[in-house]
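[1] just a sequence and a predicted model for now, questions to come.
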Amino acid sequence: MNHVCFADENGPVARITEQLLAESRPLFERRLRAVRLAVAESDPMQAMRNLVELAARWAPDAQARVIGQALELAAWHGREAVFLDIDGPAFASEVSSQPFLEQIDFMRQKRTAPSKSWTDTLKGDHDRKFVVAGATDIALVEDFQNAVARAVDTWDEKQFARDFDAIVERHGWSYNGGREWRIRTIFATNIRTSFMAGRLHQMRDPDVVKGRPYWQYRHGDAGTPRNPRPHHLAWDKLILMHDDPWWDTHFPPNDWLCSCGVRTLSRGDLRRLGKDGPDRAPDIVMEPIFDKATGKPGDKPKGIGYGWDYQVGNQWERGLVPSRLIDEAGGESLTNPRHVVEIDTPEPLADLVSAARPYKAAPLEVGLSDEDYVRAFLDPFGASLEGAVLYEDIAGDRIPISADLFRDRAGNWKIGKRNRATLTPLMAETLMDPDEIWVGVSRAIDPVDGVSEDQVIDRRYIRVDPVSGIVVVFQIGRRWWEAITAYQPTTKKGEPDLRLLDRRRGGKLRWKRPKT
């Protein structure tokens, strides 16, 4: 693969990645054993049901703990790296062989957190713990689900065996104990971004900014790539003020496995380099792209990888909390149900409605600002426009909550149409106090072509108000928080029309409100 380099084999990112791989291996091996048992069926539909049962049962806690400790450790290493720029070696002893928790405790007592922004970052870190760990479980099940689906008609066991091997290899765990390239790439990328996020927050410490207000781009800071990216090479040694807008989109890493970094400089450092001031920021040249995720044309800065044109650590959870919360979905055809696997039979819709509770929250008035609608959703969770939280739902699953749920990929507010934004308080209540939670398999929605052949494991939070007829459904999968269905459906007689709601109920019933 071009531009890939793990050259800094003794650096903190490499060491933490290696330790993370070692501690994650038993978790993945247990998951794979469970998958092997699940698909060891002569009936492919039963194999698919078994996989959904796994998806409903598995929780990311164990791996989240390991990954979260690694990310936090990398962030503290990034903070300490700034002191290395200033003071020289900051540690009296080598700590890389210690367990994660001891390492974190050691570094915490070396330097105190410098500002309020660090607390916000930790909230984003919790966000990342969930998303990364949860995705590994869900992604594994989802890939096997699609492999089984392809075999439903023929059930070619030899072909499925080949698919099985390919999936295991793709997720980084080969039978012969190979290099585990895939998992290493995922882990190394997240560890590197965590490192740079910690570094950014320390570089922004007011005392550091006062004494070292200049930032210098360093190509190959964590190792020299075999095939350097020309733009990254051209930015090497570029010196700009710490608050130059150029850093908003060009603060590294700037692509997958980018090893570039940034160091702080003082006024004396500039004089020793023969400069009397910072450089002029390079012009940002945008190039057109086609965004496959949205199906729309867009653009990105030249030299920056797709999705990397943001400042890692500025809003740590950004890019890790899926967006598209409120969108114009929910319009699937009534004749084209998207559920693939049925396990539990929903109770009659009339029984669900009769037992449902009216919402305590009330819709907002029309005409408020986008921020007001978003705050109404975030406030019940203790989140804010600036800070994310990790919310544990009533079934024990964790959901990342942040303002980014309401932003599109360009960072613009995406609140929805048809006055759907007025229902944001009810959306929050749906997650916090649902009538039902379902786990299942749905056909993925292609933004250009509509329903595709791919399948995704998802969770659906369902809540209906029998008084006003308001219905809110969240559909959360590995690839997205799919657009909610939030509406006041009525028949021609003015009565609630709940047919679309009923079609969302399928798969494995994860939780149901107890009858009183």
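    Looks like it came in fine. Worth saying up front: this structure is predicted, and the values here are computed from it rather than measured.

[2] going by C-alpha atoms from here, please, whenever you check contacts or count neighbours.
    OK.

[3] the lowest-mean-pLDDT helix or strand in the chain: what's the following helix or strand?
    Least confident helix or strand, the chain: strand 481-487 with a mean of 51, by mean pLDDT, DSSP states H and E. Going down the chain from strand 481-487, the next helix or strand is helix 499-503, by DSSP states H and E.

[4] what is the mean pLDDT for that following helix?
    For helix 499-503, the mean pLDDT works out to 73.

[5] just the strands in the chain please.
    For the chain, the strands defined by DSSP state E cover 214-218, 239-241, 261-265, 286-291, 296-301, 389-392, 398-401, 436-446, 450-464, 471-477, 481-487, 508-512.

[6] where does pLDDT dip in the stretch 251-400 of the chain?
    Low-confidence segments of the stretch 251-400 of the chain, defined by pLDDT under 70: 291-295, 315-340.

[7] kindly report the same for the stretch 51-200 of the chain.
    Segments of the stretch 51-200 of the chain classed as low confidence (criterion: pLDDT under 70) are 87-98, 108-136, 138, 151-155, 172-183.

[8] and if we set it to 80?
    Residues of the stretch 51-200 of the chain that meet the criterion pLDDT under 80 lie in 59-61, 63-64, 84-142, 144-146, 148-162, 165, 168-187, 190.

[9] show me where it has helices.
    61-87, 100-110, 116-150, 157-170, 181-203 (DSSP state H, counting those that start in this stretch).

[10] residues of the last one that come out buried?
    The reference is to helix 181-203. Under the neighbour-count criterion of 16 or more other CA atoms under 10 Å, helix 181-203 has 183-203 buried.

[11] just to revisit the earlier point, among the strands of the chain, which is nearest residue 61?
    strand 398-401 (9.1 Å; CA to CA).

[12] show me what that closest one pairs with in its sheet, parallel or antiparallel.
    Sheet pairing of strand 398-401 (DSSP bridges) gives strand 389-392 (antiparallel).

[13] just the CA trace of the partner strand, in CSV.
    The C-alpha trace of strand 389-392 is given here as CSV (Å, rounded to 0.1, in the frame of the first residue of the first chain):
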residue,chain,number,x,y,z
VAL,A,389,-21.2,12.3,26.2
LEU,A,390,-21.5,8.5,26.0
TYR,A,391,-25.0,7.5,27.0
GLU,A,392,-25.9,4.0,28.3
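
[14] so residue 457 sits against residue 441, correct?
    Yes: using CA atoms under 8 Å, residue 457 is in contact with residue 441, at 4.7 Å.

[15] between those two, which contacts overlap?
    Between them, residue 457 and residue 441 share these contacting residues under CA atoms under 8 Å, 6 or more residues apart in numbering: residue 52.

[16] quick one, what contacts residue 378?
    Per CA under 8 Å, 6+ apart, neighbours of residue 378: 384-385, 401-403, 428.

[17] do that again at 7 Å, thanks
    By CA atoms under 7 Å, 6 or more residues apart in numbering, the contact set of residue 378 is 384, 402.

[18] swap in residue 394?
    residue 432.

[19] now it, what are its backbone angles?
    Reported as degrees, to the nearest 10, the phi and psi values for residue 394 are phi -70, psi -20.

[20] burial of residue 33, as a residue count?
    Residue 33 has 10 neighbours, counted by other CA atoms under 10 Å.

[21] ugh, wrong one, I meant residue 511
    That count, for residue 511 with other CA under 10 Å as the rule, works out to 16.

[22] residue contacts, the nearest residue to it once chain neighbours are set aside?
    Nearest residue to residue 511, sequence neighbours excluded (CA to CA, 6 or more residues apart in numbering): residue 437, at 5.0 Å. Going by CA under 7 Å, 6+ apart, residue 437 touches 459-462, 509-512.

[23] break this protein into its domains for me.
    Listed domain ranges for the chain are 12-301, 349-512 (source: automatic domain parsing).

[24] between the two ends of the last one, what distance do you get?
    When the termini of domain 349-512 are compared using CA to CA, to the nearest Å, they are 13 Å apart.

[25] same question, stretch 202-213
    Termini of stretch 202-213 sit 12 Å apart (CA to CA).

[26] let me see the mean pLDDT of that stretch.
    90.

[27] buried residues, that stretch. List them.
    Neighbour-count burial for stretch 202-213 [16+ other CA under 10 Å]: 202-204, 208-209, 212-213.

[28] low-confidence ranges in the stretch 401-516 of the chain?
    401-402, 404-412, 414-420, 441-458, 466-504, 516.

[29] just name the most buried of the helices of the stretch 51-200 of the chain.
    Mean neighbour count (mean count of other CA atoms under 10 Å) peaks for helix 181-203 among the helices of the stretch 51-200 of the chain, with a mean of 23.

[30] next, the angle strand 261-265 makes with that one.
    For helix 181-203 against strand 261-265, the angle by axes from the mean of the first three to the mean of the last three CA atoms, to 10 degrees is 20 degrees.

[31] and helix 181-203, how far from the chain's centre?
    Distance of helix 181-203 from its chain centroid, counting by CA atoms, centre = their mean, to the nearest Å, is 14 Å.

[32] ditto for stretch 348-368
    In terms of CA atoms, centre = their mean, the centre of stretch 348-368 is set 29 Å apart from its chain centre.

[33] quick revisit: can the strands of the chain go into CSV with extra columns for distance to residue 380?
    Output for the strands of the chain, formatted as CSV (distance: least, CA to CA, whole Å):
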stretch, distance to residue 380
strand 214-218, 39
strand 239-241, 39
strand 261-265, 38
strand 286-291, 33
strand 296-301, 34
strand 389-392, 10
strand 398-401, 11
strand 436-446, 19
strand 450-464, 17
strand 471-477, 16
strand 481-487, 18
strand 508-512, 21
